[in-house]
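J.: Build me a model:
(chains A and B)
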Amino acid sequence: MLDRTTIREETDRVRWALEVRGDDEGLLDELLAVDERWRELKGRGDSLRHERNVVSERIGELKRAGKAAEDEIARSNELKQELDAIEAEADELEADLESKLLEIPQIPYEGIPVGADEADNVERRREGFAELRALPDPVVPHYDIGEDLEIIDEARAAKTSGSGFYFLKGDGARLEHALIQFMLDLHREEHGYHDVFPPIPISSEAMTGTGQLPKFAEDSYELAGEDLWLCPTAEVPVTNMYRDEILLPEDLPVKHQAYTPNFRREAGEHGTQTRGIVRVHQFNKVELVNFVEPEESDERLEALLDEAEEILRRLELPYRVLELCSSDLTFASAKTYDIEVWAPADDMPDGPDRGGRWLEVSSASNFGAFQARRAGLRYRPAHHESAEYLHTLNASGTALPRIMVAILEYYQNPDGTVTVPEAIRPYLGGQKRIEGHDPIGETAVGEGS
RNA sequence: GCCGAGGUAGCCUAGCCUGGCCAAGGCGGCAGAUUCGAAAUCUGCUGUCCGCAAGGACACAGGAGUUCAAAUCUCCUCCUCGGCGCCA
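T.: Numbering: from 1, shown residues only, chains lettered A, B, ... in the order given. The predicted structure is shown next:
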């Protein structure tokens, strides 16, 4: 969140932020009005409390001297009544202020593209298109080839969990494990990341710290009867693990990575563009989380993007990099790059000129002090007496299902098999191709045919 | 889940039984004095909020209550540690 001083003293910037994000500015005006009233009451309450303290002290003196203090006690009780009324209203206003403040988004960095919707995102680069593999014509979509090879099973997942879930089987499950391990190893060995495996149920407090709550409660799964939510992204537990702590300069930069399953309700997201496993309720992801000193965050975002891109380069998957425009930024982000992998099968109107479509596999964001302020993430700079909020950043490194989609489509062969990208063969015992075969076989499905 | 002990400032600790006299003391950090410079020493500062300021309010895990007055008494919640139980 933004701090109150920013809201008061840099109102124009906050207003600009709401405007370019396409958010309602009414909230800001309400907030300012509430703040003004609150400050007035705060002042009155403070002076009443001061008087009460003086009177109380006097009572103590009188009693110790063995004298009567009835008048003072009466005065004190009177003050208490007045104070109660003022405090009741002030508390109410304060709570209102807090909740409004939590709904004011991060101010985007100057210089980011200003735009009305995702069409205004700016494509920065395309990579990996110089030497493309020879592709079958037509390319079989991942949901079909996944079923043919018996490695993705949505039908059976419907029996255990409903729609929007899938089983990975045989080489599909092995490919998933291989990709996870490959990503973790790469980031650890070459980018200096420290591994973390966090708890998956997450408290409301932590969800608020990174900005998922209170505004986006409907996006996540809440556990019945508990104040806990299923992890929507490892960003939440990993960013919150140092909640209310003050880190030392030598702790920085913090570079943590975590593989977790991620759970999202994705209410209302159905249609042809979401067929298969591109938009599901549960998916695995390796997340990169960074904490840095404020002056380093701009540079770190570029480095973070490069670290995430390295996964695509090693897997030799063609992709592009977008810089998100103001209205497409997430709530807490000041600047975001998206990495979209090329999935050649389904021709979409907004897809690349070679056909197929773009799938977002990573989003690299600089949150500035926005999350740090909410979550109480501070550090004590060398030669300074007071703690300061640090800057948080994160990037997916990367999301698994869409990488799987890209591999199944881009690496497929005319004979219906899929070549394993060289970078991950060591994780599959040297295996070069995925040829399918579920030992349980089709007869066990029992579709009634 | 049961029993017990705890949670005080960036860190360590006292105060709690017996309510009031600024949450004492130490470490660390900052500033000043001293010094050619440093060490040592001394002094001040070292949380949040309101206020132009003077100043004031708040803060002892969180919340509620008792009281003229709560770190201190009462109740509830959370968390940590130890023991018992259960368990992949």
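J.: what does the domain assignment say about chain A?
T.: As recorded under automatic domain parsing, the domains making up chain A are A:4-101, A:118-444.
J.: Comparing the ones you listed, which stretch has the densest surroundings?
T.: Here the criterion is mean neighbour count by mean count of other C-beta atoms under 10 Å, and of the domains of chain A the winner is domain A:118-444, at a mean of 18. (C-beta placed from N, C-alpha, C; glycine too.)
J.: Flag the helix or strand of chain A with the lowest per-element mean pLDDT.
T.: strand A:245-247 (a mean of 86; mean pLDDT, DSSP states H and E).
J.: about what we covered before: so for A:G111, which of the domains of chain A sits nearest?
T.: Across the domains of chain A, A:G111 has its closest neighbour in domain A:118-444 (8.4 Å, C-beta to C-beta).
J.: did I read that right, A:N262 in a helix?
T.: No. Remark: A:N262 does not belong to a helix; assigned using DSSP: H, G, I helix; E, B strand; the rest coil, it is strand.
J.: Please report the distance of the most centrally placed residue in chain A from A:E360.
T.: When C-alpha atoms, centre = their mean is applied to chain A, the residue found nearest the centroid is A:E235 (5.3 Å). Here the criterion is C-beta to C-beta, to the nearest Å. By it, A:E235 lies 15 Å from A:E360.
J.: now swap in A:E150 and tell me
T.: A:E150 sits 28 Å away from A:E360 when distances are taken as C-beta to C-beta.
J.: And for A:G170?
T.: Separation of A:G170 from A:E360 (C-beta to C-beta): 27 Å.
J.: Over to A:R4?
T.: The spacing between A:R4 and A:E360, counted by C-beta to C-beta, is 35 Å.
J.: try A:L315
T.: 16 Å.
J.: Quick one: closest of the domains of chain A to RNA strand B.
T.: Shortest separation from RNA strand B across those is recorded for domain A:4-101, at 3.1 Å, computed as C-beta to the nearest atom of the strand.
J.: The closest one near RNA strand B anywhere?
T.: Yes. Using C-beta under 7 Å from any atom of the strand, we find that domain A:4-101 touches RNA strand B at A:4-5, A:39, A:42-43, A:45-47, A:49-50, A:52-57, A:59-60, A:63, A:73, A:76-77, A:80.
J.: Go ahead and name everything in contact with stretch A:115-129.
T.: For stretch A:115-129, the surrounding residues in contact (C-beta atoms under 8 Å, 6 or more residues apart in numbering) are A:22, A:113-114, A:309, A:312-313, A:316-328, A:337-338, A:342, A:354.
J.: again, only using 10 Å
T.: Residues outside stretch A:115-129 that contact it (C-beta atoms under 10 Å, 6 or more residues apart in numbering): A:20, A:22, A:112-114, A:305, A:309, A:312-313, A:315-329, A:336-342, A:350, A:352, A:354, A:358, A:410.
J.: what do you get for stretch A:40-59?
T.: With contact meaning C-beta under 10 Å, 6+ apart, stretch A:40-59 is reached by A:67, A:69-80, A:82-94.
J.: Please repeat the previous calculation with a cut-off of 8 Å.
T.: So stretch A:40-59 is in contact with A:69, A:72-73, A:75-76, A:79-80, A:82-83, A:86-87, A:89-90, A:93, going by C-beta under 8 Å, 6+ apart.
J.: What of stretch A:25-35?
T.: Contacts of stretch A:25-35 from elsewhere in the structure, counted by C-beta under 8 Å, 6+ apart, are A:4, A:7-8, A:11, A:14-15, A:18-19, A:93, A:96-97, A:100-101, A:103-104.
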